[in-house]
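Student: return a 3D structure for these sequence lines:
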Amino acid sequence: MLAGRLTGTVDGCPVVIEANDAGLLVTASAFRAAQSMARLGDALFPVLVALRHAGVPLRVAVAGFVVVNVLPSPSLLARFIVPQLARLR
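Tutor: Presented below is the predicted three-dimensional model:
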């Protein structure tokens, strides 16, 4: 079981990764941080594959405005923003 919280920054904007029984939730406090994470799609792809094989759900929340499901199956919005997610199938 995963449990805990990591706080850091992406492009100078705060990002929080929370792990609990429901899986992982990555919260970007600004759209700029979310855009930077989206550009890292190729670099993060092996991590996403590992999380998917481990059965860990992943959601991304952006600026308290929207929450997007990334794993186990990426939402349409997530695939539109990060086209690399289509390869996870």
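Student: pull the residues that contact the lengthiest helix in the chain.
Tutor: In the chain, taking DSSP state H as the definition, the longest helix is helix 41-54. For helix 41-54, contacts defined as Cβ atoms under 8 Å, 6 or more residues apart in numbering pick out 24, 37, 58, 70-72, 82-85, 87-88. C-betas here are computed from N, CA, C, even on glycine.
Student: next up, the contacts around R59.
Tutor: Each residue near R59 by Cβ under 8 Å, 6+ apart is listed here: 23-26, 67-70.
Student: mind checking which helix or strand of the chain has the lowest mean pLDDT?
Tutor: The weakest-scoring helix or strand in the chain, judged by mean pLDDT, DSSP states H and E, is helix 31-39 (a mean of 82).
Student: same for it, what does it pack against?
Tutor: Applying 3 or more Cβ pairs under 8 Å, 6 or more residues apart in numbering; DSSP states H and E, one finds that helix 31-39 makes contact with strand 4-10, strand 13-20, strand 23-28, strand 58-62.
Student: let's see that with 10 Å instead.
Tutor: strand 4-10, strand 13-20, strand 23-28, strand 58-62, strand 66-71, helix 76-81 (3 or more Cβ pairs under 10 Å, 6 or more residues apart in numbering; DSSP states H and E).
Student: buried set for that helix?
Tutor: Using 16 or more other Cβ atoms under 10 Å as the test for burial, helix 31-39 gives 33-34, 36-38.
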